[in-house]
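> What follows is a predicted structure for the sequence shown.
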Amino acid sequence: MQIPIGQGKSLYFQDFDMAAKEMVGVRITAFQGEVGTFLFAERGTWEDKTLTLKDYRYYQVDFAQVPGLETAPDLLAQVRRVFRVVSQGKTLEVTSDLSRARAIADYADTFSFGQDSLSEAWRKLKDPFLPPLEKWRARLELHSKLALPLANLVLVLLAAAMALRYGKSPGLALGMSVVLALAYYGAFFLGRALAGIGALPPELGAWGANLLFLLLGLRALR
């Protein structure tokens with residue numbers, strides 16, 4: 001998936017070599033206006049806030065100049081204005097605003113919520129250029145943020161039904177409420193974690209706890 005590393009840069013890598021502790025197939029992209037910079041490397045390491053890239057190629061594309069390709073009298077000169085090879089070589093260091101430890105905490109933890117807002121998750125979901133894994137996580141993020149606020153209604157329904165049946169004292173009713181809340185959040189984060197690793201569809205992972213506790217509440221009301 002693409003990881004924002006600060007200053008408008010995004011990091012992507014295809015695989016990770018566990019033996020060498022290196023990223024494989026690295027790509028770093030950034031935009032300033034309509035000028036995009038694209039940095040490719042065969043391998044790379046990430047220590048603290050420094051990315052060290054090996055066998056890199058660094059390109060720059062001025063998308064504002066692209067329409068001129070169709071009518072350019074000197075096509076080769078126009079192509080050179082649009083596409084530039086900035087540099088290439090054996091080793092290059094890139095500074096990140098995001099440390100490796102923070103990136104792992106923010107993007108590898110399927111139990112916790114990401115930093116995207118509901119609108120941002122929806123925008124990512126509709127982005128046709130988003131990598132499949134990141135789109136999967138955007139689906140999980142969107143449905144999780146929709147499902148969790150409705151948990152209060154589901155828990156109220158189940159707690160009321162259980163209190164009517166078994167709440168013979170205030171202490172017992174309070175204890176049951178706490179147990180039900182803990183059970184719900186345990187089920188919710190378990191479903192989210194399973195969806196995060198691909199064991200469940202994102203929709204089922206996010207809404208599964210709500211559906212389960214809604215059915216339990218309806219059954220308890222009978």
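Done, it's in. Numbers count the residues shown, from 1 in each chain.

> what helices or strands is the helix or strand Ala30 falls within leaning on?
In this assignment (DSSP states H and E), Ala30 forms part of strand 22-32. Here strand 22-32 touches strand 9-17, strand 35-47, strand 50-62, going by 3 or more CB pairs under 8 Å, 6 or more residues apart in numbering; DSSP states H and E. Bear in mind the C-beta positions are built from the backbone N, C-alpha and C, glycine included.

> possible to save those as JSON lines with distance to Asp97?
Putting the helices and strands packed on strand 22-32 into JSON lines (distance: least, CB to CB, whole Å) gives the following:
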{"stretch": "strand 9-17", "distance to Asp97": "8"}
{"stretch": "strand 35-47", "distance to Asp97": "13"}
{"stretch": "strand 50-62", "distance to Asp97": "11"}
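
> between those strands, which gets the lowest average pLDDT?
Of all the helices and strands packed on strand 22-32, mean pLDDT reaches its minimum on strand 9-17 (a mean of 89).

> which regions of the chain sit below the pLDDT cut-off?
Low-confidence segments of the chain (pLDDT under 70): 1, 104-116, 165-169, 173.

> And the longest helix anywhere in it, what's buried?
Looking across the chain with DSSP state H, the single longest helix is helix 170-196. Buried residues in helix 170-196, counted by 16 or more other CB atoms under 10 Å: 176-177, 180, 183-184, 188-189, 191-196.

> hang on, the earlier thing: strand partners (parallel or antiparallel) of the strand holding Ala30?
The strands that strand 22-32 pairs with in its sheet are strand 9-17 (antiparallel), strand 35-47 (antiparallel) (by DSSP bridges).

> what's the spacing between stretch 72-81 and its chain's center?
39 Å (CA atoms, centre = their mean, to the nearest Å).

> what comes up buried for that stretch?
Gln78.

> Tell me which of the helices and strands packed on strand 22-32 sits nearest to Arg80.
strand 50-62 (10.5 Å; CB to CB).

> Which elements pack onto that closest one?
Using 3+ CB pairs under 8 Å, 6+ apart as the contact test, the elements touching strand 50-62 are strand 22-32, strand 35-47, helix 75-82, strand 83-95.
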